[in-house]
Each structure stands twice: as structure tokens, then as C-alpha cells.
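Engineer: curious how this folds, go ahead:
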Amino acid sequence: MITIVLSAIIEPTLFGLLVKNKRLFLAQIVAGAVGGAVLGLLQVHTTAFVFGSVVTFPAFISADMMNFVNAMIGLGISTVLGAVLGYAFCKKDEKLV
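Structural biologist: Next comes the predicted model:
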């Protein structure tokens, strides 16, 4: 989780957790698609090509301050929806690792 939040490096989570659990993987794909759709509908743009992580938030700052707010809304939707769908899709007695 730390590598994703700070640097958007998802490989440890992808190969260590998501490839083994297809339902959790599907939940994360859906959450990312919904968050991306929200970002597109709100016409969020960046000043550089970056992946969404805490250290890349400044790339969403522009003359229009609502761009940054909309970016945080879209990224927040992806994060919360990923957690909710991940919890809903996984069986409670299933081991993830």
C-alpha cells in the first residue's frame, strides 16, 4: 500500500495479491475505470504526464484551482470505490496472500 500511495508503483500489489485473486483484481479494474471516467467527465488535466500518487498531486495544480479539486475528487472516488468493491467481492474466509 505504501508503494502505491507514495510512488504509484503497483507491481508488488499486482503480482503479490491481485493476480492470485481474480475477483479483487476485477474490483480494482472497475474502480479505476469509474475514477478515470469521472476525471474525464470533469475534464481534469495535468501539467506533466504522471500517475496518480501523493507525490504527483502538484501536477494537477493549474490556473484553474477547480482542476486540482476535481482531480482529488476523481482519485478519491477510485480509492474509496476500490476498497468498497474489494471488500464486497472477496469472501470473508478467503486468504488473500
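
Engineer: list the buried residues in the top helix by length along the chain.
Structural biologist: Determined from DSSP state H, the single longest helix within the chain is helix 65-89. Of the residues in helix 65-89, those scored as buried under the neighbour-count criterion (16 or more other Cβ atoms under 10 Å) are 67-68, 70-71, 73-75, 77-79, 81-82, 85-86, 89. No exception for glycine: its C-beta is placed from N, CA and C like everyone else's.

Engineer: what does stretch 57-65 give?
Structural biologist: Taking 16+ other Cβ under 10 Å as the neighbour-count basis, stretch 57-65 is seen to contain the buried residues Ala59, Phe60.

Engineer: just to revisit the earlier point, and the buried residues of helix 65-89, which two are furthest apart?
Structural biologist: Across those, no pair lies farther apart than Asn67 and Phe89, at 32.2 Å, counting by Cβ to Cβ.

Engineer: tell me how far stretch 77-85 lies from the chain's centre.
Structural biologist: For stretch 77-85, the separation from the chain centroid amounts to 8 Å (computed by Cα atoms, centre = their mean, to the nearest Å).

Engineer: average model confidence for it?
Structural biologist: Stretch 77-85 carries an average pLDDT of 89.

Engineer: what residues does that stretch touch?
Structural biologist: Contact partners of stretch 77-85, identified using Cβ atoms under 8 Å, 6 or more residues apart in numbering, comprise Ala27, Gln28, Val30, Ala31, Gly32, Val34, Gly35, Gly36, Val38, Gly52.

Engineer: do that again at 7 Å, thanks
Structural biologist: With contact meaning Cβ atoms under 7 Å, 6 or more residues apart in numbering, stretch 77-85 is reached by Ala27, Gln28, Val30, Ala31, Gly32, Val34, Gly35, Val38.

Engineer: what's the closest of those residues to Val19?
Structural biologist: The shortest approach to Val19 among those belongs to Gln28, at 11.4 Å (Cβ to Cβ).
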